[in-house]
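Novice: when you get a sec, could you give me coordinates for this:
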Amino acid sequence: MQEIIPDVVCPEPDACWLSLPAERSAAFLPTFGRISVALQAALREHVPAVYFHGLERFRDWRSAYPMLVYQASRPFRGRVRTELTYDVLNPRLMAILFRRARANLTPWLERVEAELRAGGFEEVAQHYSLKRAPGIIESVQRLSASRRCLYRLVRSEAALVDALVDLSGLGNVPAKEQVKKLAAFRKKWQFQLRRLYPGVDFSAIAPVLLDSATQALLSFNASLSGADSGVKLVVTSDPGPGAT
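Specialist: Reported below is the predicted structural model:
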């Protein structure tokens, strides 16, 4: 895992990744629940920032609205091991996402409208006025193109978390199996970050996303014992999944 994405400098994961609990252990849900929330929060911070790097993005409101709804939604806090993120196939969970986004959308619209007007995009800014907040939520729910964009984000988010879950019990398997698990993890993250949203490659944010997940795991481990595990990741000649 020295390089999760080719040509992107990715920090090596801390030895704490070998302390990930097995999926059937009592520690699984509290551990991965915290990791999932941290990763979801990092995605909501960095994905919209990359997508809206240029104000021109806001011209296509059918794609911009779903991104804003995603940004305004809060991370999902799982209470059962099978629900660590939102699920586009679960109407109850998606209703929660939209409800939370509706409650938080106003401050984001205030910021967007101000930036657009300051940048000379007066006409575009009208599509992001505060009075449009209910309509923005409704349009993402109603229009198939916008709904697909949002659901793509949610599905990818779940897949990124699932890839981390696949590393559960990593320290309890032989070195060769560790290498295979890490290689599979890299492949899954590579795939999802390059297809997170139409027309944009988000590979460059892999390091910050991994760091957020790592810090969550370190924080959780510290809350349990405050002691360093002292273990080392396996050494491999493969520059992709290997780590030292």
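Novice: same for the helix or strand hosting Y65, what does it pack against?
Specialist: Using DSSP states H and E, Y65 maps to helix 61-72. Judged by 3 or more CB pairs under 8 Å, 6 or more residues apart in numbering; DSSP states H and E, helix 61-72 is in contact with helix 28-51, helix 91-118, helix 133-142, helix 144-165. The way it works is simple: take the backbone N, C-alpha and C, and place the C-beta from them, glycine included.
Novice: mind putting those helices in JSON lines, mean neighbour count, mean pLDDT and distance to M67 included?
Specialist: Putting the helices and strands packed on helix 61-72 into JSON lines (neighbours: other CB atoms under 10 Å; pLDDT from 0 to 100; distance: least, CB to CB, whole Å) gives the following:
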{"stretch": "helix 28-51", "mean neighbour count": "20", "mean pLDDT": "97", "distance to M67": "5"}
{"stretch": "helix 91-118", "mean neighbour count": "15", "mean pLDDT": "96", "distance to M67": "10"}
{"stretch": "helix 133-142", "mean neighbour count": "16", "mean pLDDT": "97", "distance to M67": "10"}
{"stretch": "helix 144-165", "mean neighbour count": "19", "mean pLDDT": "97", "distance to M67": "7"}
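Novice: how about a markdown table for those helices, with distance to A125 added?
Specialist: What follows is those, written out as a markdown table (distance: least, CB to CB, whole Å):
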| stretch | distance to A125 |
| --- | --- |
| helix 28-51 | 17 |
| helix 91-118 | 4 |
| helix 133-142 | 14 |
| helix 144-165 | 19 |
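Novice: to E177, which of those helices lies closest?
Specialist: helix 144-165 (16.0 Å; CB to CB).
Novice: distance from the closest one to the middle of the chain?
Specialist: With CA atoms, centre = their mean, to the nearest Å as the basis, helix 144-165 stands 9 Å off its chain's centre.
Novice: next secondary structure after that helix?
Specialist: Next along the chain after helix 144-165, taking DSSP H and E as the criterion, comes helix 175-194.
Novice: could you dump that next one to CSV, C-alpha only?
Specialist: C-alpha atoms of helix 175-194 as CSV (Å, rounded to 0.1, in the frame of the first residue of the first chain):
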residue,chain,number,x,y,z
ALA,A,175,2.1,-12.7,4.9
LYS,A,176,1.1,-13.9,1.4
GLU,A,177,-2.6,-13.5,2.2
GLN,A,178,-1.9,-10.0,3.5
VAL,A,179,-0.3,-9.1,0.2
LYS,A,180,-3.3,-10.4,-1.7
LYS,A,181,-5.7,-8.5,0.5
LEU,A,182,-3.7,-5.3,0.1
ALA,A,183,-3.6,-5.7,-3.7
ALA,A,184,-7.3,-6.2,-3.9
PHE,A,185,-7.8,-3.2,-1.7
ARG,A,186,-5.7,-1.0,-4.0
LYS,A,187,-7.6,-2.3,-7.1
LYS,A,188,-11.0,-1.5,-5.6
TRP,A,189,-10.0,2.0,-4.5
GLN,A,190,-8.4,2.6,-7.9
PHE,A,191,-11.6,1.6,-9.7
GLN,A,192,-14.0,3.6,-7.5
LEU,A,193,-12.0,6.8,-7.3
ARG,A,194,-11.7,7.0,-11.1
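Novice: which strands and helices sit next to the helix or strand following it?
Specialist: Per DSSP H and E, helix 175-194 leads on to helix 206-224 as the next helix or strand towards the C-terminus. Applying 3+ CB pairs under 8 Å, 6+ apart, we find helix 206-224 packed against helix 28-51.
Novice: relative to helix 144-165, how tilted is the helix it packs on?
Specialist: On the basis of axes from the mean of the first three to the mean of the last three CA atoms, to 10 degrees, helix 28-51 is oriented at 130 degrees to helix 144-165.
Novice: which other helices and strands contact helix 28-51?
Specialist: Packed next to helix 28-51, using 3+ CB pairs under 8 Å, 6+ apart, are helix 61-72, helix 144-165, helix 206-224.
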